[in-house]
Structures are given as structure tokens and as C-alpha cells.
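# Show me how the following folds:
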Amino acid sequence: MIAKRRNLLLALSLLAHAHSASASADPAQSPVSADDSAEAVYRARLAVFLKDPGNLPYEPTEPLRGTTRWKPLPTVPAARSGISADALEKARAYAAMMNSSAFMVWRNGRVVSQWYAPGVTEKTPITSKSLSKPLTAIAVGRALALGRIRSIDQSIADFIPRAKGTEKEKITIRYLLDMRSGMLDQGFSTDPDHPYNRALLHPDFGEKIIDIYPVPHPVGKHYSYANAPSDLIAMVIEGATGMRYGDFITREVLQPLGAQGGTMWVGKPGGLAHAGCCATMPADTYLRFAVLLIDDGIWQGKRLLPKGYVAEMRKGTAENPNFGLGIWLGEPYRQRRPFGAPGMLGPHVLHSEPFLDPDLFMFDGNSNQQVAISPKHRLIVLRVGATPPAPKDGSPEWDNAFLPNTLIRGITK
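Residues are numbered from 1 along each chain as shown. Here you go, the predicted structure:
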């Protein structure tokens, strides 16, 4: 199985490199056009995807270069953390039982507890899935702080010339971040010509999102969760800064945070990054993103995000009060909160009870990647890893409220 997957990744990589080479070649000297080559890569990827949609190989990738001088975050002994040993152990055991790769607890500026599954260390890259979506909001905030973007209410066409004169010109950066772009809700289709597939798998997927991804809903008036809006953030950042998305994340987010890097899925070598999903980075890096937000965009005394920007991220909308700018909000309470539009079919995540901090917000991704942030208690709890086991024979279902509420109940001072 490992050899088969390795051969598959190699084949996809060679196809992608072949597309990149043909795109840069003299058309008069090339018997295969760049469009034909890109279509061949797309068809090969689609065939792989349809065989096992849950395990799509993220190829090709490019490095996200973190700091060269990484140091672990400060720690404090559990006995001095102000959280009971019983609560910490109960939370750790729950994370371990739920197929987690890493579990971390941070409070008041220090790591209180951390646990890694066998074979995983503090330096092991872990697939972010939708934990990449809060990173898009952080990237926009950083570009605002640098003066490269004036306002999140600017049209995306200010940065993506291809959008000018199209229905997507009405979409603002805000609407990409809060999922009110009006674009088609995320879904699945086996049709090779369906925009779902070309927006995900085509080497030039960004162009496909602009050119063919439908806008069936009024812009700004409908919540429609999808990767496509987040992927367009990469195009916005590149248009605003003149830097490739991964390079901007490296220089303006990872390195200032003293964070480790990893990899990012791209459509083709040298192509657009999939900003809405699929980066791989160590758990410690995702934790640093959360620390930046709990401290209002300030890292070790330096302001990286504009004053008030994190508060803006934490505002829900009439269309979905539980979703802000790339992050989820704990209130209003919903026992089973959907990822998609309220009232629509799709995954619904269990919250067995309201969060004990009503101001709690979180990063939340497929396979129950969770980084819960409690401003009231200056507490962050992170769980990343494989999909938790399905409940059976009395075993519990994954519960988004369990980790943060267990730890909050265990706070002693």
C-alpha cells in the first residue's frame, strides 16, 4: 500500500511538472498545448480522487519555510497552571481516545500540557484541513497592517483583475472570509465537468474558480461554506503584495511568530496555493496562531494585526451567527452546529452543552481538528489528528464542548 501510494504521488508530481514545463515552452515547438496538458493532469487527479475522496494526495506541494531558530513555547508545571491535574488528565485521555495526533493546553502565556501520539513529535507536520481558513484571515489582517489592503470591504477585483466585469466583482474580501460570497456551497460530484472538481483539482484552479464556479446566491446575503472562497484569498494576497501566498505566509506570519513551517498544496509547481485547506504544519504552529488572536494580534509586544481586527473576526453574521472571519463562534448555542448553511444537509458537529465561556471562539476543521480559544480564562486547547472513531458499543461521539469545558471546570485559580 505504501509503495502504491508513493508511485501515485510520483505520477501526479511528474504530470504536474510536465504541465509546468509545457506551459512555459514555445507553443510552436510543443506538440501538446498547455491547455491539453493541464486537462490531462486534471483528469488524472480526478480519477484518483473519485476512487477515494477522503484521502486525496496533496500533490504537488511547496515548502512553507518557518523560522530557522525555532524554540518551544514557554511551559509551566501542571501543578502551577491553575488547572487541576484531574481535568488535565481527563482532557488528555479524551484526546488520545479520539485518534488525536497532538493535544496541547496553553494558559496565561505558557504551555500547561502537551501529548503526542506514537510517532508524532512537536516537530511533526500535521494536515491542517480547515485550520487553514483562520490562517487566511490572519494573512489578510497582516496585509492590512502593512498597508497592502485598505479595507476588507474592498472588491476582490481590486486584486484579481480576472474578476473585473464579472459577477464576482461584487464579492469583497469580507465575503470571502465570512463565507457570504454567494458562490456555490461545497459538495461532491462525479461529473468531470462539474465546477466542484475543476475548482479543487485543476492545475489552474484559481482561474477556474473565477471563470466557472457558480454564484447562485445574492452576494453578501447567503452563507455558503466552501474551500473556493478561501482559495481566492491566496489570489487576493498575491495581487495585494506582489508575493506568492506561501512566501507571504512565511515572511509575514510564520517567521514573526517564531513558528515552524511545513508544506502547502499548490495547483502546479510555481502555481497558486490552496489557501482554504491542506497545509501541513506542526501542532505548535497552529497554537501560535491562536495565541496571536487571544492577544489581539500582538506577538511578544509587536503588533502584527491591526488594532480591532481580531474583534472584527469574532463577529458573526445574520446569515450565520456562528461564523466570523475564518473562525467559529461558540454563541449562539447550537447542539449540532453545521459547517454548511444553517438548515441544509451536511455534517453537524455535536456540542453537548454550551461553552462555559460564552465568548469562546475556535478554529474547526474536517476530522474534528479543533483549537478552542477562551478569552475569559486565557485558555487555549488544541486537538489535531485523524478522524475520531465512530461511536459504537457505548463509546462516545466526538463532542466539541468536551475539551474546553472540562478544562474550564478544572480551573482552580
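# can you give me the helices in the stretch 101-250 of the chain?
With helices called from DSSP state H, counting those that start in this stretch, the stretch 101-250 of the chain shows them at 132-145, 173-177, 195-201, 205-212, 227-241, 245-249.
# Export only the CA atoms of the longest one, formatted as CSV.
It stands for helix 227-241. Extracted C-alpha coordinates of helix 227-241, given in CSV (Å, rounded to 0.1, in the frame of the first residue of the first chain):
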residue,chain,number,x,y,z
ASN,A,227,-13.0,25.9,0.0
ALA,A,228,-13.3,28.0,-3.1
PRO,A,229,-13.8,31.4,-1.3
SER,A,230,-10.8,30.7,0.9
ASP,A,231,-8.7,29.7,-2.0
LEU,A,232,-9.4,33.0,-3.6
ILE,A,233,-7.7,34.7,-0.6
ALA,A,234,-4.4,33.4,-2.0
MET,A,235,-5.1,35.4,-5.2
VAL,A,236,-6.1,38.5,-3.2
ILE,A,237,-2.9,38.3,-1.2
GLU,A,238,-0.7,37.8,-4.3
GLY,A,239,-2.4,40.7,-6.0
ALA,A,240,-2.1,43.0,-3.0
THR,A,241,1.5,42.2,-2.1
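# Offset the numbering so it begins at 2, please.
I'll keep to 2 as the first residue from here, and by that count the last item is helix 228-242.
# buried residues in it?
Residues 228-242 are the ones in helix 228-242 that count as buried (16 or more other C-beta atoms under 10 Å). Heads up, the C-betas are built off the backbone N, CA and C, glycines and all.
# From the contact counts, what lies against it?
helix 133-146, helix 174-178, helix 196-202, helix 206-213, helix 246-250 (3 or more C-beta pairs under 8 Å, 6 or more residues apart in numbering; DSSP states H and E).
# Tell me which of the ones you listed lies nearest to residue 308.
Nearest to residue 308, of all the helices and strands packed on helix 228-242, is helix 133-146, at 9.3 Å by C-beta to C-beta.
# got the CA positions of that closest one in PDB?
C-alpha atoms of helix 133-146 as PDB (Å, rounded to 0.1, in the frame of the first residue of the first chain):
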ATOM      1  CA  SER A 133      -6.000  26.800   7.100                       C
ATOM      2  CA  LYS A 134      -9.100  29.100   6.900                       C
ATOM      3  CA  PRO A 135      -8.200  31.100  10.100                       C
ATOM      4  CA  LEU A 136      -4.800  31.500   8.500                       C
ATOM      5  CA  THR A 137      -6.300  33.200   5.500                       C
ATOM      6  CA  ALA A 138      -7.900  35.700   7.900                       C
ATOM      7  CA  ILE A 139      -4.600  36.200   9.700                       C
ATOM      8  CA  ALA A 140      -2.900  36.800   6.300                       C
ATOM      9  CA  VAL A 141      -5.500  39.400   5.300                       C
ATOM     10  CA  GLY A 142      -5.000  41.100   8.700                       C
ATOM     11  CA  ARG A 143      -1.300  41.200   8.200                       C
ATOM     12  CA  ALA A 144      -1.700  42.700   4.700                       C
ATOM     13  CA  LEU A 145      -4.000  45.400   6.300                       C
ATOM     14  CA  ALA A 146      -1.400  46.200   8.900                       C
END
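# Now for the closest residue in space to residue 130 that isn't next to it in sequence, how many residues are close by?
Sequence neighbours aside, residue 366 is the residue nearest to residue 130 in space, at 3.8 Å (criterion: C-beta to C-beta, 6 or more residues apart in numbering). With neighbours defined by other C-beta atoms under 10 Å, the count for residue 366 comes to 22.
# how many neighbours does residue 41 have?
Neighbourhood size, residue 41 [other C-beta under 10 Å]: 16.
# which parts of the strand or helix carrying it are buried?
Using DSSP states H and E, residue 41 maps to helix 35-52. Neighbour-count burial for helix 35-52 flags 35, 38, 39, 40, 41, 42, 43, 45, 46, 47, 49, 50 (criterion: 16+ other C-beta under 10 Å).
# Quick check, the third one in contact with residue 202.
No - in this structure, residue 39 sits apart from residue 202 without contact. The criterion is C-beta atoms under 8 Å, and the distance is 10.7 Å.
# Can you read off the pLDDT for the nearest residue to residue 143 once chain neighbours are set aside?
Spatial nearest neighbour of residue 143, excluding adjacent residues (C-beta to C-beta, 6+ apart): residue 253 at 4.7 Å. Residue 253 is assigned a predicted lDDT (pLDDT) of 98.
# What of residue 180?
Per-residue confidence (pLDDT) for residue 180: 98.
# can I assume it is in contact with residue 229?
No - the criterion here is C-beta under 8 Å, and residue 180 misses it with residue 229 at 10.1 Å.
# would CSV of the helices and strands packed on helix 228-242 with distance to residue 112 and mean neighbour count be doable?
Converted to CSV, those look like this (distance: least, C-beta to C-beta, whole Å; neighbours: other C-beta atoms under 10 Å):
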stretch, distance to residue 112, mean neighbour count
helix 133-146, 20, 25
helix 174-178, 29, 25
helix 196-202, 36, 22
helix 206-213, 37, 20
helix 246-250, 23, 24
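# Compare those helices and report which one is nearest to residue 397.
Of these, nearest to residue 397 by C-beta to C-beta is helix 133-146, at 26.6 Å.
# Give me the mean pLDDT for the closest one.
Here the average pLDDT along helix 133-146 is 98.
# cool, stretch 315-331 as well?
The pLDDT scores in stretch 315-331 average 97.
# quick one: stretch 119-131 to chain centroid distance?
Centre-to-centre, stretch 119-131 and its host chain are 14 Å apart (C-alpha atoms, centre = their mean, to the nearest Å).
# can you give me the end-to-end distance of it?
24 Å (C-alpha to C-alpha, to the nearest Å).
# Now residue 382: phi and psi?
Note on residue 382: backbone dihedrals following degrees, to the nearest 10 are phi -130, psi 130.
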